[in-house]
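Visitor: From the sequence below, what's the structure:
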Amino acid sequence: MRFTDDLKDRVKKAQKTIVLPETNSRRVLKAAERVMAEGFAKITLVGKEREVKSTAEKFQINLEGVTVVDPASYPRLDELCAYFAKRREKKGMTVEKAREIMTHDYTMFACGLVVLGDADGVVSGAATTSADVIRAGLQVVGPKPGNKTVSSAFILITNTPQYGDNGILVLGDCGVIPEPTAEQLADIAVMCVDRARRTVQILNPKVAMLSYSTKGSGSGGTVDVVREAVEILKQRNVDFDFDGEIQADAAIVPAVGEHKAPGSKVAGHANILVFPSLDAANIGYKLVQRFANATALGPLVQGLAKPILDLSRGASTEDVVDVVAVCCSDAIAAEKEN
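Guide: The predicted structure follows:
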């Protein structure tokens, strides 16, 4: 059974409502049809109902059971605009500006549905930039109380069971922070472990803090930042194995890990990879995805008060369906935390 099939089974009973705001995307509409057919979640689409249904008919997509919400006629629009104006008043937001944003930016509006309790999560990004999705999450929903770092992770599902957790790895941060500080790298590691445990059900997370250096073979620049992040994790007394700085091959290949980092609990067996920069992470996951024909789910935003998940604009219909399942899992976890 694919990991995502198991995930769908786990979230099905909760029947969470997930908003897909990008109704201009055929992949998204097809994903809505698939989710309804598989029955593991409820779907809300954003747009003018007549236009959405016309597009669906054009592509022979069945949207039976899907709810379509038009921002302009949303019964709680005044309440949402008042909330957003208040939340952003220091930035000069007014109710009139909020109304303009909420009736034209569907991802912003979708986040508003979650804030008001009319939905449990949002999946967007198939036709929207990651920057716009993350901005909507930050401005409308905001970070989880007490959380200083908002980052993202990819769940990488490969055809190489000898690596990671039976071929599955969690990678971070691939979509939010260009040059993370040592403190942020430590936060990313903790959030990726939570993602690995909750979503993938990795029972024994092993975090590799990646670098171009392994245990002093290089120095300067990001190497020093990664080393500092490792020291911060030690000070926090976290409940998972971690090591660094370490090169990617030493992190996942047992023979290389044993040679370059003898005695390490992580080297050669890492299932969570924390990259030193957004450049390295984003380039790295895309190369593996394309060369190895791997499935990459994400970027899955972490650290917000409610689940607002991003997609790569190259995401397939199946990717969207799978991320909806992840979003359901995040919504269940958020409900338990509250």
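Visitor: Quick one: neighbours of residue 169, just the number.
Guide: 27 (other C-beta atoms under 10 Å). For the C-beta atoms, the positions are set from N, CA and C on the backbone; glycine is no exception.
Visitor: Surely it is within a strand?
Guide: Yes - remark: residue 169 belongs to a strand, assigned using DSSP: H, G, I helix; E, B strand; the rest coil.
Visitor: Pretty sure residue 11 sits against residue 324.
Guide: No - applying C-beta atoms under 8 Å, one finds residue 11 not in contact with residue 324, separated by 9.3 Å.
Visitor: higher neighbour count, the two?
Guide: For residue 11 versus residue 324, neighbours defined as other C-beta under 10 Å are more numerous around residue 324 (26 against 20).
Visitor: any idea how far stretch 300-313 is from the chain center?
Guide: 4 Å (C-alpha atoms, centre = their mean, to the nearest Å).
Visitor: Pull out the buried residues from the helix ranked longest in the chain.
Guide: Across the chain, the longest stretch assigned as helix under DSSP state H is helix 317-337. Within helix 317-337, the residues that count as buried by 16 or more other C-beta atoms under 10 Å are 317, 319-332, 334.
Visitor: Residues in contact with both of residue 11 and residue 324, list them for me.
Guide: residue 41 (C-beta atoms under 8 Å, 6 or more residues apart in numbering).
Visitor: Show me what the longest helix of the chain packs onto, helices and strands only.
Guide: helix 3-11, strand 17-20, helix 26-38, strand 121-124, strand 295-302, strand 308-310 (3 or more C-beta pairs under 8 Å, 6 or more residues apart in numbering; DSSP states H and E).
Visitor: tally of neighbours for residue 129?
Guide: By other C-beta under 10 Å, neighbour count at residue 129 equals 11.
Visitor: residues in contact with the closest residue to it other than its chain neighbours?
Guide: Nearest residue to residue 129 in three dimensions, chain neighbours excluded: residue 313, at 7.4 Å (C-beta to C-beta, 6 or more residues apart in numbering). By C-beta under 8 Å, 6+ apart, the contact list for residue 313 reads 125, 126, 127, 128, 129.
Visitor: Good, wrapping up.
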